[in-house]
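> pasting a predicted model and its sequence here:
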Amino acid sequence: MKRLTALMLVALYAVAFLSACNTMAGAGKDVQDVGEKVEEKAEDCKDGKC
């Protein structure tokens, strides 16, 4: 019974860890997209187009 409980806990932590990685990867892409937009706007303002 203890082995089954331990195995279930390990599986639960593995699922939580893997889903967290996917979430962080998605968030990183979102932040990167925002950074690119800010950079484009800064370039436009530098050229006097803002």
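Thanks, I have it.

> now do the helices in this protein.
All helices of the chain, identified by DSSP state H, fall at 2-46.

> tell me the residue in it that is farthest from the middle.
Largest separation from the mean C-alpha position in the chain: M1, at 36.7 Å (C-alpha atoms, centre = their mean).

> tell me where the model's unsure across the protein.
Scanning the chain for pLDDT under 70 picks out 50.

> centroid residue for it?
M24 (2.1 Å).

> any idea how far that one is from L18?
To L18, M24 is 11 Å away according to C-beta to C-beta, to the nearest Å. In short, each C-beta sits where N, CA and C put it, glycine included.

> show the backbone phi and psi for G48.
The phi and psi torsions at G48 (degrees, to the nearest 10) take the values phi 80, psi 20.

> can you count the residues close to it?
Counted with other C-beta atoms under 10 Å, residues neighbouring G48 total 6.

> cool, and A20?
By the criterion of other C-beta under 10 Å, A20 has 10 neighbours.

> next one: A6
10.

> okay, it and L12: tell me how far apart.
For A6 relative to L12 (C-beta to C-beta), the value is 11 Å.

> now R3
When distances are taken as C-beta to C-beta, R3 and L12 turn out to be 15 Å apart.

> who has more neighbours, the two?
L12 (10 against 7).

> contacting residues around K46?
When the contact criterion is C-beta atoms under 8 Å, 6 or more residues apart in numbering, K46 has no partners at all.

> tell me how far it lies from E40.
For K46, the distance to E40 equals 11 Å [C-beta to C-beta].

> burial check on V15, number of neighbours?
Applying other C-beta under 10 Å, we find 10 residues neighbouring V15.

> overlap in contacts, M24 and L18.
Here M24 and L18 have no joint contacts, going by C-beta under 8 Å, 6+ apart.
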